[in-house]
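Peer 1: Make a model of this:
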Amino acid sequence: MVLELFSREGLKAMFDKIENEAFELDEPLSDLLKNRKAYENTISSVISFLQHKNYTLGYRIATRQYLPEGPRFDQIEELEWFFGNNGVQDKARYLCTLYLEDLSDLLVSTVGPHFGFSKYAERIARTAVSFDPIEKALEAPTSYLDGILQQMTAQYFQKDVPQLVGFTVPFPGNLYGALKAAQWIKAHFPETKIALGGGYVNTELRELNDPRVFNYVDFISLDDGETPFLALYEHIKSPAFPLLLKRTFIRQGNEVKFVDNLKTGDVGHSRLPAPSYEGLRINEYLSMIDMPNPMHRLWSDGRWNKLTIAHGCYWKKCSFCDISLDYISRFEQAPAKNLVDKMEKLIAETGETGFHFVDEAAPPLAMRDLALEILRRGLQVSWWTNIRFEKTFSPDLCHLLAASGCIAVTGGLEVASDRLLNLMEKGVSIEQVARVCQGFRDAGILVHAYLMYGFPTETAQETIDSLEVVRQLFEQNLLQSGFWHQFAMTVHSPVGISPEKYQVERIGPEFMGFANNDLYHEDPTGAEHELFSEGLKKALYNYMHQVGFEFQLQEFFDFRIPRTTLPKQLIANYLKKAPADLPLTPGYRLMWHQVRATLSRKTGIRREVLFSHSNGVAKIEMPEAIAQFVDQNTFQFEATSLQALELDKTLQHFSELLKISQEQLVKQEWWKKWRAEVLWIIKS
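Peer 2: Modelled structure (predicted):
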């Protein structure tokens, strides 16, 4: 649909319709409309460039003499420095993104108010406790954009009429488009069965009892889609046996019935095959940069194969999260070998070596096993995932992950207040978050933080202190990207289930048969949370562009805020503290990655050992006995070795060779240098 809209013919039709209907536009958008020929002449080249098909055009785009420029380009002056002299391709894609966003602004202001690059008619589906507004929109005369959507739907019926069509609806902004396309299918091919599933369905429609939605679809399935979808296929082949259905809503007569014949063993994360992208037009996807921040752009820049390291969440305690739902509460890991098999299959199918693991929170030790398996196979990949900022992410583990291709992590910092983190049951502290981020930073892994404001009982002081923590984390380069969102109370979360425990009151909305998830609430002891929205986002925008650290926090708000109570060097002081002593207990292993140890000159009872690795050569003088041990056991230190050295046994052996205690051993300068430059200690 986007490619249809943003084509030469698509723009011409859009401009003609806007002019014919004589919309009243403000001056910037009116000027854009007057410049329609320039947009029509350049749109095909821009789309081709964003599809990585017209590389050399980037040099012309970057001159800012090629693209017509509208209101969105007003922000470019302050960001020109971001790309430097050699970032031509990135700058060009950023300019092309602004160009498309200008056209999108014109479209939304005129003939396409529901349009968004990643959502469509989101407002209609948000907090849709009743099906009434959705039905009203679906039955209204076909709009300009709906007409294009129906044309796109028709393309899939040109050769064959499918038996079954499935729509995935991950977010509210996907619901209306799915139902509108389904409506067209029902009207033209009534024999085709239609199923609905996905994240929105899993969270919002679990109590569905309004049969009207089945005027547009035949089945609505909950939870992991593979098993219910396979059951749908079997049911369609043998419709006389409805008991084949699993976790699926159907309409019988004029009533909604939930059929669930799921059996123990029907689902299993480790048994699932690799997903397939066959049939998707991935070579036509647009790679856009809506913000030059190197971490923030990962969501829209590049093509990422999607997998999960583990099903569900291993922590499942956070009080704001829907931890009562199956996709979070049922935790199950797959063996690393199984996971990397899937990665290799996807690489063969798509030609892409980038992976985004879309876990609720990837377990650190599962990430360790994944990294080791990738290294053992010599697989050259780039990957990122979502985590908890827990202490298991030691600096050494971070370096191991980076060596395997981990380029970024995202995680929930939420409200940077120890009191509120404890109330949320996050299981982390601000100091711990800072130390974990330091480990990722030093390993070259980018970090994005999900940030929350408005948690129950949160005061204005805590909100501002939280912002100060975020400022310091960015200033210390511990975070590279972030996103603020206001706390939302949901029906499946601990706060929604027991609001009195968190001193808030549920005040609505009344469930009317369709969606039931987002709840309205009052927070009598908390601040007026909505007031802080724009200021928090403005501050974060500056920090993500590495500016504004010296500003007083008051400068980001148009009302009086309390002064922060936190010291300006809070995070810096955390980082200055000596890290915890090395573990001297069993359960850890010594290893390195692609290091070659060479015995060099001898100086008395010491021997210089050259450790060659990807970043150069480390020269370390070691006791002769230790140097000889390293020379004889080099392969056992390698991360890909299945005979990796056990820390406690190796330290005991070293201490016996040198006739000193283990406590004295780890204080030796050669050991400290070896640890700092070459050696990792990884939990078994």
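Peer 1: Could you give me the buried positions within stretch 646-656?
Peer 2: Neighbour-count burial for stretch 646-656, counted by 16 or more other Cβ atoms under 10 Å, picks out 646, 647, 650, 651, 654, 655. The way it works is simple: take the backbone N, C-alpha and C, and place the C-beta from them, glycine included.
Peer 1: Stretch 632-645 now?
Peer 2: 634, 636, 637, 638, 639, 640, 641, 644, 645.
Peer 1: now do stretch 301-313
Peer 2: Buried residues in stretch 301-313, counted by 16+ other Cβ under 10 Å: 301, 304, 305, 307, 308, 309, 310, 311, 312, 313.
Peer 1: Relative to residue 266, how far out is the nearest residue to the fifth one once chain neighbours are set aside?
Peer 2: Of all residues not flanking residue 308 in the chain, residue 359 sits nearest, at 5.2 Å (Cβ to Cβ, 6 or more residues apart in numbering). Shown here: residue 359 relative to residue 266, a distance of 22 Å by Cβ to Cβ, to the nearest Å.
Peer 1: who's more crowded, these two?
Peer 2: Comparing residue 359 with residue 266 by other Cβ atoms under 10 Å, the one with more neighbours is residue 359, at 20 against 15.
Peer 1: Phi and psi next, for that one.
Peer 2: With angles defined as degrees, to the nearest 10, residue 359 sits at phi -70, psi 150.
Peer 1: give me every residue that touches it.
Peer 2: 308, 309, 310, 313, 385, 386 (Cβ atoms under 8 Å, 6 or more residues apart in numbering).
Peer 1: Please apply the same query to residue 38.
Peer 2: Counted by Cβ under 8 Å, 6+ apart, residue 38 has contacts residue 68.
Peer 1: Quick one: residues contacting the spatially closest residue to residue 312 that is not a sequence neighbour.
Peer 2: Distance criterion Cβ to Cβ, 6+ apart; nearest residue to residue 312, sequence neighbours excluded, is residue 331 at 4.0 Å. Going by Cβ under 8 Å, 6+ apart, residue 331 touches 310, 311, 312, 313, 314, 316.
Peer 1: May I see those residues organised as JSON lines, with secondary structure and distance to residue 81 added?
Peer 2: Putting the contacts of residue 331 into JSON lines (DSSP: H, G, I helix; E, B strand; the rest coil; distance: Cβ to Cβ, whole Å) gives the following:
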{"residue": "310", "secondary structure": "strand", "distance to residue 81": "41"}
{"residue": "311", "secondary structure": "strand", "distance to residue 81": "44"}
{"residue": "312", "secondary structure": "coil", "distance to residue 81": "43"}
{"residue": "313", "secondary structure": "strand", "distance to residue 81": "40"}
{"residue": "314", "secondary structure": "coil", "distance to residue 81": "42"}
{"residue": "316", "secondary structure": "coil", "distance to residue 81": "44"}
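Peer 1: So which bits of stretch 54-74 are buried?
Peer 2: 54, 57-58, 60-62, 66-73.
Peer 1: Just name the lowest-scoring one in the buried residues of stretch 632-645, pLDDT-wise.
Peer 2: Going through those one by one, the lowest pLDDT turns up at residue 644, 83.
Peer 1: Distance-wise, check that one relative to residue 486.
Peer 2: 47 Å.
Peer 1: Could you do residue 582 as well?
Peer 2: 42 Å.
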